[in-house]
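K.L.:
Below are the sequence and a predicted model; questions follow.
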Amino acid sequence: MTMDAFLKMNVFFAVTTLAVVCVTVLVVIILIYVARLLSTLNTIATEVEEETQEIREDIGALRRKTKQEGLRLASLLSFFGNRAKKAASRAPARKKRAST
């Protein structure tokens with residue numbers, strides 16, 4: 001083996017090592033972004049689950065009230081008024097969670 005071939009092999013291995021390091025760094029960066037995305041999606045899913053549960057409870061309360069008193073316009077208005085109050089009271093808590 002000549003010295004020229006040996007130098008070519010060293011250059012090949014150096015370039016290959018550099019390429020592997022660059023690809024590894026890019027994969028790590030991509031994985032970090034994927035982890036952050038999954039964390040955000042988990043937070044969104046948790047909030048949707050909480051809201052869904054509250055909507056179920058509200059609709060259940062409306063059904064019970066309707067069965068007891070019958071369907072009246074005042075019942076519907078109070079239901080939507082209470083729903084709006086709950087949403088307004090939770091808004092500051094969400095902003096607090098979003099900022100952390």
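P.N.:
Received, thanks. Numbers count the residues shown, from 1 in each chain.
K.L.:
Now do Ile59, the pLDDT please.
P.N.:
For Ile59, the model assigns a pLDDT of 87.
K.L.:
Over to Gln68?
P.N.:
80.
K.L.:
Can you report how many residues lie near it?
P.N.:
8 (other Cβ atoms under 10 Å). C-beta coordinates here come from the backbone N, C-alpha and C atoms, glycine included.
K.L.:
Kindly report the same for Leu26.
P.N.:
Neighbour tally, Leu26, other Cβ under 10 Å: 10.
K.L.:
Which strand or helix spans it?
P.N.:
helix 3-69 (DSSP states H and E).
K.L.:
now that helix, how far from the centre of its chain.
P.N.:
9 Å (Cα atoms, centre = their mean, to the nearest Å).
K.L.:
Show me what that helix is packed up against.
P.N.:
Helices and strands touching helix 3-69, by 3 or more Cβ pairs under 8 Å, 6 or more residues apart in numbering; DSSP states H and E, are helix 73-99.
K.L.:
Now do the same for the residue most central in space within the chain: its pLDDT.
P.N.:
Closest to where the C-alpha atoms of the chain average out (Cα atoms, centre = their mean) is Leu41, at 1.9 Å. Listed pLDDT for Leu41 reads 97.
K.L.:
can you check Lys85 too?
P.N.:
On the pLDDT scale, Lys85 gets 68.
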